[in-house]
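In: here is my input; please provide its structure:
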Amino acid sequence: MKVQFYSRPNCELCVKGLQQLKLVQEDFSFAIDIINIEEDEALHEKFMVMIPVVERDGQIIQYGLLDYPTLLEAFSD
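Out: Have a look, this model is predicted:
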């Protein structure tokens, strides 16, 4: 399974969010595809006020302030 993690450089919330996602990765096996929204104008426009964003199978799992319990529950389904 692969998960997309949308972020951008110099984003403290993104750093903390990635840490939470990596904690979940210890319980569930998946790859994290880190995508810099500043490298794609369409993604930047779509996600600029939402980052960080975690997406799996085209569905947004969580965005903004990511937390372990919500992410864990999403992967438990």
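
In: what is the rounded mean pLDDT of the top helix by length along the chain?
Out: Across the chain, the longest stretch assigned as helix under DSSP state H is helix 12-25. On average, the pLDDT along helix 12-25 is 96.

In: just after it, pick out the following helix or strand.
Out: strand 31-36 (DSSP states H and E).

In: point to the residue nearest the middle of the protein.
Out: For the chain, the residue sitting closest to the mean C-alpha position, by C-alpha atoms, centre = their mean, is residue 54 at 2.7 Å.

In: measure that residue to residue 69 for me?
Out: Per C-beta to C-beta, to the nearest Å, residue 54 is found 14 Å from residue 69. Any C-beta I mention is one placed from the backbone N, CA and C, and that applies to glycine too.

In: which neighbouring elements make contact with the longest helix of the chain?
Out: Packing partners of helix 12-25 (3 or more C-beta pairs under 8 Å, 6 or more residues apart in numbering; DSSP states H and E): strand 2-7, strand 31-36, helix 68-76.
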